[in-house]
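# Okay, predicted coordinates and the sequence, questions at the end:
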Amino acid sequence: MPGGRLTQTERQQIALGLADGLAYAEIARRLDRPTSTVTREVMRNGGPNAYRADLAHRATEHRAHRRRRATPSQGGQAPAQAHGRDEEAVREYEETFTTVLMASGMPKMTARVWACLTLTDSGSLTASELARRLGVSPASVSKAIAFLEGQDMIRRERDEGRRERYVVDNDVWYQSMMASARSTAHLVETARQGVGVLGPRTPAAVRLENIARFLDFVSESIARAAEQAREILNSAPAAPPDVVGPSAPDAAEEPGPDGPEGIGPPATA
């Protein structure tokens with residue numbers, strides 16, 4: 001399987017595949033590339049409906065040039081990454097993570113900001129730090145922050161220097177799921193108001209009532225599952241990934257409470 005960056009010819013083949021309605025996996029198979037490579041390439045260059053090979057190629061060259069200019073010279077070596085991480089691997093993973101968020105419906109800049117925050121060990125950055133890391137304007141960061149706050153995916157706090165910082169909490173998905181449940185519950189209430197306006201048992205009212213019943217069930221299920229997951233995960237803290245206890249090999253051989261595979265409650269990351 002070839003490595004390295006996509007060539008202009010490969011990008012033209014991607015564009016042709018999209019025009020033919022091929023799935024990312026099929027395009028990747030024809031290029032002998034990972035599906036994630038094709039997905040990331042398309043999503044960060046306009047999406048399946050706006051992807052153009054020539055523009056994507058120029059944009060990639062521009063990003064590479066900007067990175068070379070932004071990386072300070074240290075005797076020909078890149079600055080050391082925390083915990084001995086590989087700088088290029090971290091950058092590639094951040095792009096992959098951002099692409100997955102975009103594919104789930106998150107706007108591009110919002111996805112970039114949230115990925116940047118999430119992959120920072122502190123989980124906390126100022127607006128100027130985000131703008132500098134992403135190479136974008138403070139205004140772009142501000143819009144993304146507003147969206148993320150509205151989804152309860154980040155919060156603001158003041159540090160000792162009175163600077164405003166944006167923080168991703170460890171229970172971010174709990175907060176986000178509960179916000180989603182509240183939003184869905186509001187939609188349920190609105191749909192049921194429409195039943196009264198349109199008249200019970202009319203076709204439109206029946207449709208709204210079906211929507212309300214379905215979403216009411218979904219909303220309650222989301223809230224209940226989020227509460228249960230939070231309780232389980234918080235009660236079973238995981239050991240650090242690089243620390244293995246002396247009894248770990250023996251424990252893996254014994255049947256667990258849920259069967260011979262030893263599958264118990266999930267642990268926190």
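Arrived safely.
# C-alpha from now on. contacts and neighbour counts both.
Noted.
# buried stuff in stretch 87-107?
Across stretch 87-107, burial judged by 16 or more other CA atoms under 10 Å covers 94-103, 106.
# Just name the closest of those residues to L208, please.
M106 (27.3 Å; CA to CA).
# what does the model give that closest one for pLDDT?
For M106, the model assigns a pLDDT of 87.
# where exactly do the helices run in the chain?
Ranges of helices within the chain are 8-19, 24-31, 35-43, 53-70, 87-103, 108-118, 127-134, 138-150, 172-198, 203-235, 248-253, based on DSSP state H.
# Out of the ones you listed, which gets nearest to G161?
helix 127-134 (14.1 Å).
# hmm, who's touching the closest one?
112-113, 116, 137-138, 141-142, 164-166 (CA atoms under 8 Å, 6 or more residues apart in numbering).
# quick one on the thing from earlier: could you dump the helices of the chain into CSV and include distance to R156?
Putting the helices of the chain into CSV (distance: least, CA to CA, whole Å) gives the following:
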stretch, distance to R156
helix 8-19, 41
helix 24-31, 38
helix 35-43, 29
helix 53-70, 28
helix 87-103, 22
helix 108-118, 12
helix 127-134, 11
helix 138-150, 9
helix 172-198, 13
helix 203-235, 22
helix 248-253, 40
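# For R158, find the nearest of the ones you listed.
Each of the helices of the chain has some distance to R158 by CA to CA; the shortest is helix 127-134, at 12.2 Å.
# Confirm for me that V141 is in contact with V113.
Yes: with contact defined as CA atoms under 8 Å, V141 counts as touching V113 (7.0 Å).
# Compare neighbour counts for those two and give me the winner.
With neighbours defined as other CA atoms under 10 Å, V141 and V113 compare such that V113 has more, 23 against 20.
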